[in-house]
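S.K.: Give me the fold of what follows.
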Amino acid sequence: MSIGTKKTGDEGEEIAAKLLIEKGFEILERNYRYKKGEIDIVARDPATNCIVFVEVKSRKNLEYGEPEYGITKNKMSQIRRMASAYQFDKDLSELECRFDVVTVLFRGKEKPLVNHYINAFM
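M.R.: Numbers count the residues shown, from 1 in each chain. Prediction:
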């Protein structure tokens with residue numbers, strides 16, 4: 001991963017975290033790592049009291065398509081495994097959970113285009 005790609009990802013995650021906080025979410029953890037995987041953001045949705053595992057996809061341009069296209073079947077499978085590890089690690093297996101996606105498309109000097117997909121996959 002290049003320095004530019006990491007910077008874009010970090011900026012996207014910061015925007016996503018701020019968006020979730022504005023929506024009333026409680027951020028429980030950022031960049032939770034377990035073995036070879038990572039969950040970008042773990043939060044609690046106060047409306048449903050469920051644990052939300054959030055994958056953030058950021059892009060600087062559309063050269064490789066919309067950021068949503070970065071959520072592949074393999075990525076979803078990895079996030080599910082990481083979520084199970086997190087629930088086991090934190091003894092939260094009895095709580096309901098869901099998987100959200102936040103996409104951030106940087107557009108030069110314009111404000112980034114941000115989308116929050118609630119319950120994006122199972």
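
S.K.: average model confidence for the strand or helix carrying residue 53?
M.R.: Taking DSSP states H and E as the definition, residue 53 sits inside strand 50-59. The average pLDDT within strand 50-59 is 96.

S.K.: In this protein, where is pLDDT below threshold?
M.R.: Low-confidence segments of the chain, defined by pLDDT under 70: 1-4.

S.K.: longest single helix anywhere in it?
M.R.: helix 3-22 (DSSP state H).

S.K.: Which other helices and strands does the very next helix or strand once past the strand holding residue 53 contact?
M.R.: Following strand 50-59 in sequence order, the next helix or strand is helix 73-89 (DSSP H and E). On a contact count with 3 or more Cβ pairs under 8 Å, 6 or more residues apart in numbering; DSSP states H and E, helix 73-89 meets strand 26-34, strand 37-45, strand 50-59, strand 97-107. The way it works is simple: take the backbone N, C-alpha and C, and place the C-beta from them, glycine included.

S.K.: tell me which residues in the strand holding residue 53 are buried?
M.R.: 51-59 (16 or more other Cβ atoms under 10 Å).

S.K.: Need the max-distance pair from these.
M.R.: Using Cβ to Cβ, the pair of the buried residues of strand 50-59 lying farthest apart is 51 and 59, separated by 26.8 Å.

S.K.: got the contact list for the longest helix of the chain?
M.R.: Outside helix 3-22, the residues that touch it by Cβ atoms under 8 Å, 6 or more residues apart in numbering are 1, 27, 30-31, 40-41, 43, 54, 56-60, 102, 104, 106, 112, 114, 116.

S.K.: re earlier: quick one: which of the buried residues of strand 50-59 is nearest residue 23?
M.R.: Looking across the buried residues of strand 50-59 and measuring by Cβ to Cβ, the closest to residue 23 is residue 52, at 10.4 Å.
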